[in-house]
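> return a 3D structure for these sequence lines:
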Amino acid sequence: MKTNIDINSVLVVSQNQVSADLSSDADGSVVILNLKDGVYYELKEVGMRVWNLIQQPHSIQLIKNILLEEYEVDAEQCEADLLALTEHLAKLDLIQVK
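Here you go, the predicted structure:
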């Protein structure tokens, strides 16, 4: 599935997954089960923050702005990493792009 994702794309988690927050401390993670293929995936730290943000539809631009406020990261690097993560999650059918 080829998905065109850009900074204005709106993301939300797919209905084809279930996830559990395993945060018991600051180094927590979220585990996601893809219901289509039965494979588990894990996101830590920033990936987990992104996952939590897209429980409700949010644009990549909004997510980027939030991450820039919360983490010390270069804006260009943040956008590149965020686009790479969301493209990967979309290919796995864990998120929907609107």
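> for the spatially closest residue to residue 55 that is not a sequence neighbour, list the residues it contacts.
Using C-beta to C-beta, 6 or more residues apart in numbering and skipping the chain neighbours, the partner closest in space to residue 55 is residue 13 (6.1 Å). Quick note: C-beta positions are derived from backbone N, CA and C, even for glycine. Counting by C-beta atoms under 8 Å, 6 or more residues apart in numbering, residue 13 touches 19, 51, 54-55, 94-96.
> ok, now with 7 Å
54-55, 94-95 (C-beta atoms under 7 Å, 6 or more residues apart in numbering).
> most neighbours among those residues, which one is it?
Using other C-beta atoms under 10 Å as the neighbour criterion, residue 95 leads the contacts of residue 13 with 26 neighbours.
> what's the neighbour count on the closest residue to that one other than its chain neighbours?
Among residues not flanking residue 95 along the chain, residue 89 sits closest, at 4.5 Å (C-beta to C-beta, 6+ apart). By other C-beta under 10 Å, 26 other residues sit near residue 89.
> what comes up buried for the helix or strand of the chain with the lowest mean pLDDT?
Between all helices and strands in the chain, the lowest mean by mean pLDDT, DSSP states H and E belongs to strand 17-21, at a mean of 92. Neighbour-count burial for strand 17-21, counted by 16 or more other C-beta atoms under 10 Å, picks out 17, 19.
> ok so, going back, inside strands: which ones of the contacts of residue 13?
residue 95 (DSSP state E).
> which one of the contacts of residue 13 sits closest to residue 43?
Residue 43 lies nearest to residue 94 out of the contacts of residue 13, by C-beta to C-beta, at 9.6 Å.
> if we can go back for a sec, and the two most separated of the contacts of residue 13?
Longest span within the contacts of residue 13, C-beta to C-beta: 55 and 94, 12.3 Å.
> low-confidence ranges in this protein?
Scanning the chain for pLDDT under 70 picks out the ranges 1-3, 24-27.
> so which residues of it form helices?
45-53, 60-70, 75-91 (DSSP state H).
> hey, which of those is tucked in deepest?
Stretch with highest mean neighbour count among those: helix 45-53 (a mean of 18; mean count of other C-beta atoms under 10 Å).
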